[in-house]
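**Q** pasting a predicted model and its sequence here:
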Amino acid sequence: MNEKELHIISSVLGGKTERFSYFLDTYGQQVFRLIVRMTGSQEDAEELTQDTFMKAFEHLSAFHGDSSFSTWIYRIAYNTALSALRKRRNEVLSFDDKLWNALSDTQIDEALDTDDEEQIEKLQRALSALSADEQALVTLFYEEDKPISEICYILHLSESNAKVKLHRIRKKLYLLMTKED
């Protein structure tokens with residue numbers, strides 16, 4: 001745990017509440033990106049980011065330094081966005097099992113790991129079609145470069161479950177991209 005952040009937390013809990021702005025300045029953009037990826041809406045993400053930091057402030061005394069502050073705030077952000085999305089109930093995409101099982105990792109890697117602008121646009125559209133859980137996992141792993149152990153803590157997953165989900169999401173992205181053709 002970052003000693004500077006522990007000191008700031010102590011001072012906020014001691015009454016210097018203005019020092020909490022450090023966390024908003026340090027983690028605000030990252031939290032916003034995660035939430036916007038999950039919700040698909042900048043307006044919703046702005047509100048939910050504010051909610052996230054309000055919850056963190058209100059429950060700051062519950063932070064014990066078992067994880068980094070960034071992990072703790074990501075977990076609050078994830079839960080806040082997920083709660084909001086559950087109220088909206090997005091539709092779930094499903095694919096034919098034969099098609100799903102016939103995909104090779106090489107085939108998927110070639111489609112997803114590309115510099116081709118058209119493929120990148122398809123990937124962006126496919127990402128927006130993922131569920132909130134899937135978007136959070138993709139954002140944390142691929143965009144924020146969080147380690148699996150930290151992602152598991154944030155998303156309440158076992159390590160094996162997170163790895164399986166990442167593998168399935170890659171297949172789903174590939175199918176969504178090829179469905180456009």
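**A** Thanks, I have it.

**Q** residue 129 versus residue 10, what's the distance?
**A** Remark: distance between residue 10 and residue 129 (Cβ to Cβ, to the nearest Å) = 44 Å. The C-beta positions use only the backbone N, C-alpha and C, and glycine is treated the same way.

**Q** so these two - more neighbours on which side?
**A** residue 129 (17 against 12; other Cβ atoms under 10 Å).

**Q** and the residue nearest the centre of the chain, what element?
**A** Nearest to the geometric centre of the chain sits residue 136, at 2.5 Å (Cα atoms, centre = their mean). Residue 136 is part of helix 132-138, with elements assigned from DSSP states H and E.

**Q** got the CA coordinates for that helix in PDB?
**A** Extracted C-alpha coordinates of helix 132-138, given in PDB (Å, rounded to 0.1, in the frame of the first residue of the first chain):
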ATOM      1  CA  ALA A 132     -21.100  -4.700 -18.600                       C
ATOM      2  CA  ASP A 133     -19.200  -7.500 -16.800                       C
ATOM      3  CA  GLU A 134     -17.400  -8.400 -20.000                       C
ATOM      4  CA  GLN A 135     -16.600  -4.700 -20.800                       C
ATOM      5  CA  ALA A 136     -15.200  -4.300 -17.300                       C
ATOM      6  CA  LEU A 137     -13.000  -7.300 -17.600                       C
ATOM      7  CA  VAL A 138     -11.700  -6.200 -21.000                       C
END
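
**Q** could you check how far the helix or strand just after that helix is from the centre of its chain?
**A** On the C-terminal side of helix 132-138, the closest following helix or strand by DSSP H and E is helix 148-155. Chain-centre distance of helix 148-155: 10 Å, with Cα atoms, centre = their mean, to the nearest Å.

**Q** buried set for helix 148-155?
**A** Within helix 148-155, the residues that qualify as buried are 150-155, counting by 16 or more other Cβ atoms under 10 Å.

**Q** same check, this time on stretch 136-145
**A** For stretch 136-145, a neighbour-count test (16+ other Cβ under 10 Å) marks 136-141, 144 as buried.
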